[in-house]
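> coordinates only, sequence not included:
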């Protein structure tokens, strides 16, 4: 359902690939087909094509004007912000490059450090929000598994990161700061930076063991 309704949900596919969940792919295909079948039955083939076209046009029309506003807190916006003023409209090619760069950084870090199962799941769920160019504050409810992982940790750094996230959530409010100051603070992407730090901590603390050359030779034999 998440993948059908929101394209960033495709991050879950990478988790399925990493863990070789064939059943998850099967359920995804069946559920997607069932949902689209209902649309086909209601609107017919031509109506469904028209709906898809209108939806894609809406995404193209709204993504670029919003991506550098004060609300977005995703990694693509963090990568673009140093090079563009607030509320700028980046060219489609630039936006695509930022999106691909964000995914490459995220997936590359996971491939390099190979986090264990609890951290891996938490990272991919958080990644659905973090890699979206329209990741607003509410989208970071998907950080809950990562937050729970930090809560269960006994490491001081994890608790400090949770305290920082809590402080950002409590202080960065329009009602507390006033609308003008709130918007200025949000353009520094405090939510994005806090949750990027949490993701980096999980990557490092949940990293898998390194395989030596001898171990790889033994496993091959």
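Thanks, I have it. Since we're looking at a predicted model, the values are computed, not measured.

> Grab the longest helix from the chain for me.
Scanning the chain for the longest helix, with DSSP state H as the assignment, gives helix 22-67.

> I'd like the next helix or strand past it.
With elements assigned by DSSP states H and E, the helix or strand that comes after helix 22-67 is helix 75-80.

> helices and strands around that next one, which ones?
Judged by 3 or more CB pairs under 8 Å, 6 or more residues apart in numbering; DSSP states H and E, helix 75-80 is in contact with helix 22-67, helix 92-113, helix 190-205. Where you see a C-beta, it was placed from the backbone N, CA and C, and this is true even at glycine.

> again, only using 6 Å
Contacts defined by 3 or more CB pairs under 6 Å, 6 or more residues apart in numbering; DSSP states H and E place helix 75-80 against helix 92-113.

> Summarise which helices and strands the longest helix of the chain is packed against.
Using 3+ CB pairs under 6 Å, 6+ apart, no helix or strand is in contact with helix 22-67.

> ok, 7 Å please
helix 2-5, helix 75-80, helix 92-113 (3 or more CB pairs under 7 Å, 6 or more residues apart in numbering; DSSP states H and E).

> Does anything pack onto the longest one? Which helices or strands?
The helices and strands touching helix 92-113, judged by 3+ CB pairs under 7 Å, 6+ apart, are helix 22-67, helix 75-80, helix 190-205.
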